[in-house]
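*Asks:* 3D model of this:
(one chain, ligands or ions: 2)
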Amino acid sequence: MALWEKVLKTISFGKSGGGCHWGEARLDNNHLSRVGIVGNPNVGKSVVFNNLTGAYVTVSNYPGTTVDVARGKAKIEGVGIEVVDTPGMYSLLPITEEERVARLILFEERPEVILHVVDSKNLERMLPLTIQFIEARLPVILDLNMMDETEVAGIEIDVNRLEKELGIPVVATVATAGRGMATIRKRLVEYVRNQNYAV
Ligand SMILES: Nc1nc2c(ncn2[C@@H]2O[C@H](COP(=O)(O)OP(=O)(O)OP(=O)(O)O)[C@@H](O)[C@H]2O)c(=O)[nH]1
Ligand SMILES: [Mg+2]
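*Replies:* Ligands and ions are numbered 1, 2, ... in the order given. Below you'll find the predicted structure:
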């Protein structure tokens with residue numbers, strides 16, 4: 001079965017009132033000191049960014065463009081991590097100036113970890129971009145955000161199975177309520193620690 005078919009089987013629609021499985025994200029043996037937050041427009045990237053960074057934020061034009069990029073520092077368990085909030089993108093093949101900047105941040109700045117934030121109630125529309133990141137060999141963690149709306153819509157996502165099929169960590173969140181953000185922090189700091197202890 002193709003990867004695409006397998007990952008689609010992790011989503012089931014139309015079961016009202018069903019909770020989702022909040023699986024434990026699996027860790028790759030990767031490391032990071034900078035995290036790039038990426039994803040479609042309007043999925044909650046900036047809410048995640050603000051939750052992680054708090055007050056230490058600067059916003060400036062990406063060099064040579066009119067696109068604003070926010071950068072901040074997160075301190076997790078005493079470890080400092082730079083966090084970059086990239087402009088919304090639909091594909092790794094850029095059409096808009098925003099998408100071009102997002103792509104430049106990914107491939108020129110090469111953040112050690114990519115946090116792909118998606119609207120989990122529209123997961124099947126969002127996963128092609130996750131698969132593009134994986135195929136581009138970018139170190140991606142998938143953030144299934146807006147889980148509150150997904151649960152209300154009666155959509156169930158098998159997080160453990162999705163994680164297994166994609167081969168990357170998957171974390172469910174409701175960024176506006178801070179739900180799941182502790183797990184996101186944990187995954188990020190684990191990457192940093194692995195980097196620091198790497199030979
Ligand atoms: N219900 C719900 N709303 C959310 C959640 N996360 C973010 N939102 C809302 O979604 C909207 C978009 O959030 P943003 O953080 O601005 O989205 P973004 O991805 O940064 O958007 P762009 O910068 O335009 O690409 C806001 O109204 C948020 O309050 C969530 O987990 N649940
Ligand atoms: Mg934003």
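*Asks:* which stretch of helix or strand covers whichever residue of the chain sits closest to ligand 2?
*Replies:* Shortest the chain-to-ligand 2 distance, computed as Cβ to the ion: residue-wise this is Ser46, at 3.3 Å. Where you see a C-beta, it was placed from the backbone N, CA and C, and this is true even at glycine. Secondary structure assigned from DSSP states H and E places Ser46 in helix 45-53.
*Asks:* hmm, back to that, now for the residue of the chain closest to ligand 2: which residues touch it?
*Replies:* Taking Cβ atoms under 8 Å, 6 or more residues apart in numbering, we find Ser46 in contact with 70, 85.
*Asks:* also the one 10 residues further on?
*Replies:* The neighbours of Tyr56, taking Cβ under 8 Å, 6+ apart as the test, are 72-73.
*Asks:* need phi/psi at it.
*Replies:* Tyr56 adopts backbone torsions of phi -90, psi 80, taken as degrees, to the nearest 10.
*Asks:* repeat that for Val118.
*Replies:* Reported as degrees, to the nearest 10, the phi and psi values for Val118 are phi -130, psi 160.
*Asks:* and if you look at Ile157?
*Replies:* Dihedral pair for Ile157: phi -120, psi 130, per degrees, to the nearest 10.
*Asks:* what sits opposite it in the beta ladder?
*Replies:* For Ile157, the beta-bridge assignment (DSSP bridges) gives partners Ile11.
*Asks:* isn't it up against Thr10?
*Replies:* Yes. Ile157 lies in contact with Thr10 (Cβ atoms under 8 Å); the separation is 6.2 Å.
*Asks:* scan the chain for its longest strand.
*Replies:* Secondary structure of the chain read by DSSP state E shows that its longest strand is strand 68-76.
*Asks:* need the residues that contact it.
*Replies:* By Cβ under 8 Å, 6+ apart, the residues outside strand 68-76 that reach it are 35, 46, 49, 52-54, 56-62, 80-87, 101, 105, 185, 188-189, 192.
*Asks:* picking up where we left off before, what about the helix holding Ser46 and ligand 1, any contact?
*Replies:* Yes. For a cut-off given as Cβ under 6 Å from any ligand atom, helix 45-53 has contacts with ligand 1, namely 45-47.
*Asks:* dump those into JSON lines; add pLDDT as well.
*Replies:* Below are those laid out as JSON lines (pLDDT from 0 to 100):
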{"residue": "Lys45", "pLDDT": "98"}
{"residue": "Ser46", "pLDDT": "96"}
{"residue": "Val47", "pLDDT": "97"}
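*Asks:* nearest to Lys6 among these?
*Replies:* Of all the residues of helix 45-53 next to ligand 1, Lys6 sits closest to Lys45, with 26.4 Å by Cβ to Cβ.
*Asks:* for burial, what's the neighbour tally of the closest residue to Gly72 other than its chain neighbours?
*Replies:* Counting by Cβ to Cβ, 6 or more residues apart in numbering, the nearest residue to Gly72 once its immediate chain neighbours are dropped is Thr53, at 3.0 Å. By other Cβ atoms under 10 Å, 21 other residues sit near Thr53.
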